[in-house]
Every structure is written in structure tokens, then in C-alpha cells.
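Peer 1: I would like to see how this sequence folds:
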Amino acid sequence: MTEQPNLQRLDDPAIEKLTPHIELKMGKFEKAIHLAVVVLPFVGVIGAMVLLWGYHFSWVYLLTLFVGYLLSAVGITVGYHRLFTHKSFETFGFVQAILAILGSMALEGPVLQWVAQHRRHHQHSDDHDDPHSPHHHGEGIVNMFKGIWHAHVGWIMKPDAPGLQRYVADLVQSRTLRWINSTFFVWAGLGMFIPALVGALFGRPDTWWSWSGALIGFLWGGAVRIFLVHHVTWSINSVCHIWGKKDFKSHDESRNNVVFGVLALGEGWHNNHHAFPTSARHGLKWWQLDLSYALIKLMEMVGLAWRVRVPSPEHIQRKQLTT
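Peer 2: Residues are numbered from 1 along each chain as shown. From the prediction side, this is the model:
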């Protein structure tokens, strides 16, 4: 295992010794409330689609939403997270650029800022310096919701910790990544413009070459797509540090969550990830669907990725929790 720049190894046992274990005091009822708070908005979006079907919706808009979701989510999961943050595989410079641009289209922030925050999260996961831990907000229902809000989206509204750049000392050496980082709003805007263009050109026959077709394409392939990507990603911070199963020893309260294992293209196997942070594979069991890892393996097969890192069976066995 290699070391993260300016950090202790993320899987170093010394971190576990330095970081106190945090006991959760949430009951099943409170966890159910937490899950409902996150899931219900998705139900609302699906309901909106059903209500609009046959009026201002078509298969073209649905395809734009689906493809846009997959591409921008892959930019986050394979690019921002597994490649740039954890260096779980290596690839060519042009592939790095494509993944960084796709991640920018998810509108979760410029690549260098995102990576710096996530590396800081791993260094301080679920302690007081974690930028988005749902813990440390006190007991009771009110404080539980404070923790949910902070972990899910509230942390974004707070100022960044000083010295974040030291977490990306390796990545700032890349001129390409610095350029993509500085032109973030160009790629974010392009991610909104493309579905609008598709909607105008290929939407419903009565909206072809029209502003209304462009608006509908923008809404479903842009706004709704970003809404879904954001809340699925943020749920890894909130839901997956409270609700789910813990299969491996880790220095935090990360959990494996089957719902977000699927929706987040493998990122929801979060306890697996925190136990083996530099692994390109998060779904370590045969039934744990990990589409991001499947893409990385496909890239490896065609020569676009190499040095793909996965934990050995012996390493997995050593960290396995006894049941």
C-alpha cells in the first residue's frame, strides 16, 4: 500500500489507535426516520415523472436523465473518488481528464477541492475534525436531525478548513487537473447545456427545435439528474455512517448499505471501503453489486487501466469482524 500525500496511510492501524471508537446511541426508530428523510425525495422525483408522462415527457428525456446520471456519477465514483482520491488504479492522462470533466458535470465541486475534502474525511473519519460526520451533535431526536442535516448537506455551507491544499499536493502537480479544476464552471455548464440541446433536437415531435423542448431536456437531464446524483452521493456521508451493516474493523462508524450500494454504483459498500480505502473494489462479496469496479475491470481488460488495487484474501480475513 502506498501513502497518501502528507497523510498517514489511511489503512494504517496507528490511526485506529489514535482515534477513539464512537458508540452509536440511535435506536431502530431513529434510524428509520433518518432513512425516510433521505429516500422520500427520490420518491417525489419518481412521482413527478409519472405525473408528467404523456404531457411533457418522453423516452428521450428519460434516456437523457439515465445516461447523464451514469456518466456524471462515474465521474465521481471512478474519477474523483477511486482514481484521484485513493489512487486505486492508474490510467492514461486523457482518461484522467475525461473522468475529471465528467465529475465536474455532477456539480459537486472542482476536482481538487472534492479530493482534498474527502482525504480529510478519511484522515478524521467520524471524529471531531471530520467535515461531514453525522455524529457529535448530541442525543435526542432534535440533535439527531442536526447530525443528519450536517452530514447530508449542511457541511457544504460551512467554510473549508484551513490548509486543504496540503491534501492534494500530488494532484496539483498535474497541469491538466489544475486547468480542469479552474474551469469547473465551464464543464458544469456544459453538463446542463447538452441535455437541453438533446431535448430541443430529439424530444417529443411537438417540441422539436423549440425552446420548450430545450427547457424540458434541461429539467430532466440537468436539474433532476443533478438532484439525484447529489442526494445519492451525500447519502454516503449520512446514511452510510449510521444505517447498515458493519462487516470489517474500521476506525469509524461506516456501514454497508445495500440501497446505496446499487444507487451509488458501488459506493454504498462503505464499511468495506473504509476498511480497505485504497481498494478499487468496494463490493467485496459476489452479491455486492459494484458497477464502478466493473467499469474499472473493463478498462483494465482493454488496456485503459493498470495496477488495479484490491485487498488480498488474507488481508480481508484479518479485518473481518466475527459475528
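
Peer 1: so who does residue 78 touch?
Peer 2: 99, 292, 295-296 (CB atoms under 8 Å, 6 or more residues apart in numbering). For glycine as for every other residue, the C-beta is placed from the backbone atoms N, C-alpha and C.

Peer 1: Point out where the stretch 51-200 of the chain drops to low pLDDT.
Peer 2: 51-57 (pLDDT under 70).

Peer 1: which residues in it form strands?
Peer 2: Counting by DSSP state E, counting those that start in this stretch, the segments of the stretch 51-200 of the chain that form strands are 90-91.

Peer 1: cool, and the stretch 201-323 of the chain?
Peer 2: According to DSSP E, counting those that start in this stretch, the strands that the stretch 201-323 of the chain contains are 305-306.

Peer 1: hang on, the earlier thing: nearest to residue 266, of the contacts of residue 78?
Peer 2: Distance from residue 266 was checked for each of the contacts of residue 78 by CB to CB. The minimum falls on residue 292, at 4.4 Å.

Peer 1: Could you check how far the closest one is from residue 280?
Peer 2: The spacing between residue 292 and residue 280, counted by CB to CB, to the nearest Å, is 8 Å.

Peer 1: Give the residues shared as contacts by those two.
Peer 2: residue 82.

Peer 1: follow-up on the earlier one: what is the nearest of the contacts of residue 78 to residue 136?
Peer 2: Of the contacts of residue 78, the one sitting nearest to residue 136 (CB to CB) turns out to be residue 292, at 29.7 Å.

Peer 1: Residue 318 versus that closest one, what's the distance?
Peer 2: For residue 292, the distance to residue 318 (CB to CB) stands at 25 Å.

Peer 1: These two: which is more packed in?
Peer 2: Neighbours were counted for residue 292 and for residue 318 using other CB atoms under 10 Å; residue 292 has more, 25 against 11.

Peer 1: Let me know the pLDDT of the more buried one.
Peer 2: In this prediction, residue 292 carries a pLDDT score of 98.

Peer 1: so who does it touch?
Peer 2: 74, 77-78, 82, 265-267, 282 are the contacts of residue 292 under CB under 8 Å, 6+ apart.

Peer 1: what does residue 290 give?
Peer 2: With CB under 8 Å, 6+ apart as the criterion, the residues that contact residue 290 are 261, 265-266, 269, 281-283.

Peer 1: And the contacts of residue 292, which of them are buried?
Peer 2: Burial of those was assessed by neighbour count (16 or more other CB atoms under 10 Å); the buried members are 74, 77-78, 82, 265-267, 282.

Peer 1: CSV for those, including distance to residue 170?
Peer 2: Rendered in CSV, the data for the buried ones among the contacts of residue 292 read as follows (distance: CB to CB, whole Å):
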residue, distance to residue 170
74, 22
77, 20
78, 18
82, 15
265, 25
266, 24
267, 22
282, 22
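
Peer 1: For residue 235, state which of the residues you listed is nearest.
Peer 2: residue 267 (9.3 Å).

Peer 1: So what does that closest one have for phi and psi?
Peer 2: Phi and psi for residue 267, reported as degrees, to the nearest 10, are phi -70, psi -20.

Peer 1: Quick check: it touching residue 256?
Peer 2: No. Under the criterion of CB atoms under 8 Å, residue 267 is not in contact with residue 256, lying 10.8 Å apart.

Peer 1: Please enumerate the helices of the protein.
Peer 2: Using DSSP state H, the helices found in the chain span residues 13-18, 28-52, 59-74, 93-104, 111-123, 141-152, 175-182, 184-202, 211-218, 225-238, 258-263, 270-275, 291-301, 313-319.

Peer 1: ok, residue 160 - contacts?
Peer 2: When contacts are counted by CB under 8 Å, 6+ apart, residue 160 touches 113, 117.

Peer 1: do that again at 10 Å, thanks
Peer 2: Contact analysis of residue 160 by CB atoms under 10 Å, 6 or more residues apart in numbering lists 113, 116-117, 120, 131.

Peer 1: Next: residue 230.
Peer 2: Residue 230 is in contact with 72, 76, 106-108, 152-153, 156, counting by CB under 10 Å, 6+ apart.

Peer 1: Any of the residues you listed buried? List them.
Peer 2: Neighbour counting over these (16+ other CB under 10 Å) leaves 72, 76, 106-108, 152 as the buried ones.

Peer 1: Now tabulate the residues you listed in TSV and tack on distance to residue 140.
Peer 2: Supplementary listing: those in TSV, determined by distance: CB to CB, whole Å:
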residue	distance to residue 140
72	37
76	33
106	34
107	34
108	31
152	18
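
Peer 1: hmm, who's touching stretch 176-191?
Peer 2: The set of residues that contact stretch 176-191 without belonging to it, under CB under 10 Å, 6+ apart, is 68, 71-72, 75, 84, 93-94, 96-115, 168, 170-172, 174, 221-222, 225-226.

Peer 1: redo that, cut-off 7 Å
Peer 2: Surrounding stretch 176-191, the residues in contact under the criterion CB atoms under 7 Å, 6 or more residues apart in numbering are 72, 93, 96-97, 100-101, 104-105, 107, 110-112, 171-172.

Peer 1: now, which of those residues sits nearest residue 275?
Peer 2: Nearest member of the contacts of stretch 176-191 to residue 275, counting by CB to CB, is residue 171, at 24.3 Å.

Peer 1: I appreciate the help and will end here.
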